[in-house]
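**Q** Generate coordinates for the sequence data below:
(one chain, ligands or ions: 2)
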Amino acid sequence: MSEIQKAAEIIQEGGLVAFPTETVYGLGADALNPIAVARVFEVKNRPQFDPLIVHVADIRQAEILILKFPEKALKLISKFWPGPLTLVLPKSQMVPDIVTSSLPTVAIRVPNHPMALELIRESGRPIAAPSANSFGGVSPTTAEHVRQSLGGKIDMILDGGPCSVGVESTVISFEDKEPVLLRPGGITVEEIQALIGTVLVQTNPAGKPLAPGQMENHYAPRTPMVLDISLTALPGNKKMGLLSFQKPPANPAFTAVEVLSEKGDLKEAAANLFAAMRRLDSMGLDMIVAQPVPHEGLGRAINDRLAKASAKKAI
Ligand code: TXA
Ligand code: MG
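**A** Ligands and ions are numbered 1, 2, ... in the order given. Got it, this is the predicted structure:
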């Protein structure tokens, strides 16, 4: 039996399998099995009011889960699925309440990763999966990251190597008449607007959550992280790490420096982001200083994660 067949059986029996997607690793359970889904919340320590994304192999498998697809949603689907785009749509009664935190909508996407697609097809189930990390922590982009945070608590980890995109999917809600961006991610707002016109932006880095999952403090390393403080105003007596976009000027104040992309490529920076945060987090530093990246394209998703990771103010 192949690894994926074994994993598919575990899903069918109500177990939990971590699996690779193009964005981050997911912690998967049969989306139609409320007990299996309850275990996902438990293992992650995730509050029940934060609903999960359901992963399907194609739009046909989505059809029984969704009441209706607005025209603009269909346009996005035909261009970006499989891919890092999640749509929030009115759910059918097939979807258990625990998956959606009792909301009338469900978040759904087709991941662009051969192992994920094979797992969904082989199990014959839609798979509910949040990122495979403890709630609020840094999302995993390798199987080893998953092992570090959830190993021992879940039934299996499928290893598909490092994730190519590196930040989570873009979440667009069609709950209201007009589409609303709930989370910037792997498909850029520019690409989406080019296809369907204006999208309202409802991400909320500073205030209280407007929608599930828009918690201010998220994606956070254990080491306190600050965003964009002046490099000349650094406290002198602390072990500091720098998360830099391109190569920074040599600064002896930093014990460790992680460069996201020497050549200033946002795609490369996104792919490196979470692994770099984890490396800095493992070094026993007093503080991590993160530099924001250009706020365009994938840069919006990166800056969103940096802002949330540094929401717990350190100084
Ligand atoms: O790239 C990704 O999206 C990864 C991979 C594994 O697919 N998954 C992921 O899941 O990031 P998670 O649980 O970490 O984030 C799901 C986001 C949360 O912000 C959640 O609140 C939002 O989607 N969400 C889910 N269902 C929703 C709904 N019905 N209405 C509004 N937001 C919803
Ligand atoms: Mg997550």
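
**Q** Quick check: which ranges of the chain have low pLDDT?
**A** By pLDDT under 70, the low-scoring segments of the chain are 203-217, 229-233, 312-315.

**Q** got the residues of it near ligand 1?
**A** Contacts of the chain with ligand 1, taken as CB under 6 Å from any ligand atom, map to 21, 23-24, 26, 50-53, 84, 86, 88, 100, 103, 105-107, 111, 129-131, 168-169, 171, 173, 182-183, 211-213. Where C-beta positions appear, they are placed from N, C-alpha and C, glycine not excepted.

**Q** Near residue 68, how many other residues are there?
**A** 9 (other CB atoms under 10 Å).

**Q** I'd like the numbering to begin with 894 instead of 1 from here.
**A** All set: I'll call the first residue 894, so the last point we hit is now residue 961.

**Q** Could you measure from it over to residue 1021?
**A** 21 Å (CB to CB, to the nearest Å).

**Q** Also residue 1172?
**A** Applying CB to CB to residue 1172 and residue 1021 gives a distance of 30 Å.

**Q** These two - which one has more neighbours?
**A** Applying other CB under 10 Å to residue 1172 and residue 1021 shows that residue 1021 carries more neighbours, namely 30 against 15.

**Q** That one contacts residue 949, doesn't it?
**A** No: using CB atoms under 8 Å, residue 1021 is not in contact with residue 949; the gap is 10.5 Å.

**Q** Tell me the bridge partners for the residue nearest to residue 1044 when sequence neighbours are not counted.
**A** Excluding the flanking residues, the one nearest residue 1044 by CB to CB, 6 or more residues apart in numbering is residue 1050, at 7.2 Å. Note on residue 1050: beta-bridge partners by DSSP bridges are residue 911.

**Q** Next, count neighbours for residue 1050.
**A** Residue 1050: 22 neighbours (other CB under 10 Å).

**Q** Next: residue 927.
**A** Neighbour tally, residue 927, other CB under 10 Å: 15.

**Q** give the contact list for it.
**A** Counting by CB atoms under 8 Å, 6 or more residues apart in numbering, residue 927 touches 989, 990, 991, 992.

**Q** Neighbour count and distance to residue 1150 added to those, as TSV?
**A** Listed next are those as TSV, based on neighbours: other CB atoms under 10 Å; distance: CB to CB, whole Å:
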residue	neighbour count	distance to residue 1150
989	20	46
990	14	47
991	20	43
992	25	41
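
**Q** Among those, which one lies nearest to ligand 1?
**A** Closest approach to ligand 1 among the contacts of residue 927 (CB to the nearest ligand atom): residue 992, at 8.0 Å.

**Q** now for the helix or strand harbouring that closest one, which elements pack on it?
**A** Residue 992 belongs to helix 990-993 when assigned by DSSP states H and E. In terms of contacts (3 or more CB pairs under 8 Å, 6 or more residues apart in numbering; DSSP states H and E), helix 990-993 is packed against helix 927-937, strand 998-1002.

**Q** mind redoing it with 6 Å?
**A** Using 3 or more CB pairs under 6 Å, 6 or more residues apart in numbering; DSSP states H and E as the contact test, the elements touching helix 990-993 are helix 927-937.

**Q** Now the two most distant members of the contacts of residue 927.
**A** Using CB to CB, the pair of the contacts of residue 927 lying farthest apart is 990 and 992, separated by 7.2 Å.

**Q** So residue 913 sits against residue 1055, correct?
**A** No: here residue 913 does not reach residue 1055: they are 8.6 Å apart, not a contact under CB atoms under 6 Å.

**Q** which of the two has more neighbours?
**A** Neighbour comparison, residue 913 and residue 1055: the larger count goes to residue 913, with 28 against 15 (by other CB under 10 Å).

**Q** What segments of the stretch 1044-1193 of the chain are helices?
**A** 1082-1089, 1159-1174, 1192-1202 (DSSP state H, counting those that start in this stretch).

**Q** could these go into TSV alongside distance to residue 1119?
**A** As requested, these are arranged in TSV below (distance: least, CB to CB, whole Å):
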stretch	distance to residue 1119
helix 1082-1089	26
helix 1159-1174	12
helix 1192-1202	10
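
**Q** Could I get the contacting residues of residue 919?
**A** Neighbouring residues of residue 919 by CB atoms under 6 Å, 6 or more residues apart in numbering: 912, 1022, 1025.

**Q** again, but for residue 989
**A** By CB under 6 Å, 6+ apart, the neighbours of residue 989 are residue 927.

**Q** residue nearest the centroid of the chain?
**A** residue 1061 (3.0 Å; CA atoms, centre = their mean).

**Q** That residue touches residue 1077, doesn't it?
**A** No: Residue 1061 is beyond contact range of residue 1077, at 9.3 Å (criterion: CB under 6 Å).

**Q** Excluding chain neighbours, what is closest to residue 896?
**A** residue 1051 (6.2 Å).
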